[in-house]
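Novice: Sequence and predicted structure below; questions after.
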Amino acid sequence: MKSVTKRMVSAALALTVLIATFGIFTTGAKAKKRERSDLTIGIDPGHQSRGNFGTEPVGPGSNTKKIKVAGGTRGTTTGIPEYKLTLSVAKYLKKELKARGYKVVMTRSRNDVDISNKERAQKLNKKCNIAIRLHADGAAASAHGASALYPSENNPYLTKSVCRKSKKLSDALLTQYCKGTDIRKNGLHARDDLTGTNWSSIPVALLEMGFMTNPSDDTYMSKKKNQKKMAKAMADGIDKYYGFNNME
Ligand SMILES: [Zn+2]
């Protein structure tokens, strides 16, 4: 009896040690924090020097077709075309994100390209964790401010998880962008008619950085020093989405 008890005690002890050890291992695995260097941010500078008016499906499996890539708007005060503005800001954003430790993939680094909105999404799907689409608005001269466009929860082409994460990303991006710049916050809008968003299989946000048809927004966005501010503020938004403290 005595030796049986002894054996039971030592078996229990061994089990305790095992559980404790396993516990440490699992805690250790959970505690492994995701670093910025584990993440690849996709940037799509909207448009290109010439639009492509061929068509493509607005989403996977859709019979609705839209033009491959539009020419974009233009600064009514500065004369700067949207495709030049988006690329210029995208380059600052890439630099800022890399300085913070992220990896970055851009859909284009030149203006003279021919890449459809579907192709842009597919390029980023392959290599990135999230996609940031940069655009600027055009409307009546009085309209000004920034907005972010995200897929609604009823988007027929995307999973609910991607839609929810896209809204969270759009919110963080827009909030920090307007905090860090002199551009007014117009708000978040659900949009399910955007080809480049519907083909995305990763969380995606489209930022309308301001109105190129508004003299104040147009002039502000055209200045290099402001473009650096815009990029820093967007990077703050991405940090916020992932829960990174940008004072680290
Ligand atoms: Zn645009």
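Specialist: Okay, I see it.
Novice: from what I can see, residue 136 looks like it's in a strand, true?
Specialist: Yes - the assignment for residue 136 is a strand, going by DSSP: H, G, I helix; E, B strand; the rest coil.
Novice: Double-check it against residue 221; I have them as touching.
Specialist: Yes - proximity of residue 136 to residue 221 meets the contact threshold set by Cβ atoms under 8 Å, at 6.7 Å. In short, each C-beta sits where N, CA and C put it, glycine included.
Novice: Which neighbours do the two have in common?
Specialist: Contact with both residue 136 and residue 221 is made by residues 85, 209-210, 212, according to Cβ atoms under 8 Å, 6 or more residues apart in numbering.
Novice: who touches the residue in the chain that the ion sits nearest to in this structure?
Specialist: Scanning the chain for proximity to the ion using Cβ to the ion identifies residue 135 as nearest, at 3.5 Å. Residues counted as contacts of residue 135 (Cβ under 8 Å, 6+ apart) are 46-47, 72, 82, 86, 206-209.
Novice: Using neighbour counts, pick out the buried residues of stretch 217-232.
Specialist: Using 16 or more other Cβ atoms under 10 Å as the test for burial, stretch 217-232 gives 217-218, 220-222, 226-227, 229-232.
Novice: Only alpha carbons, please: show it as CSV.
Specialist: Extracted C-alpha coordinates of stretch 217-232, given in CSV (Å, rounded to 0.1, in the frame of the first residue of the first chain):
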residue,chain,number,x,y,z
ASP,A,217,-8.1,71.7,-49.4
ASP,A,218,-6.4,71.7,-52.9
THR,A,219,-3.7,74.2,-51.8
TYR,A,220,-3.2,72.5,-48.5
MET,A,221,-2.7,69.0,-50.1
SER,A,222,-0.3,70.3,-52.8
LYS,A,223,2.4,71.4,-50.3
LYS,A,224,5.1,68.8,-49.5
LYS,A,225,5.3,69.7,-45.9
ASN,A,226,1.6,69.0,-45.6
GLN,A,227,1.9,65.8,-47.5
LYS,A,228,4.4,64.6,-44.9
LYS,A,229,1.9,65.5,-42.2
MET,A,230,-0.8,63.6,-44.0
ALA,A,231,1.4,60.5,-44.3
LYS,A,232,2.4,60.7,-40.6
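Novice: which other residues reach it?
Specialist: With Cβ under 8 Å, 6+ apart as the criterion, stretch 217-232 contacts 75-78, 80, 85, 88-89, 92-93, 95-96, 136, 144-145, 177, 180-183, 209-212.
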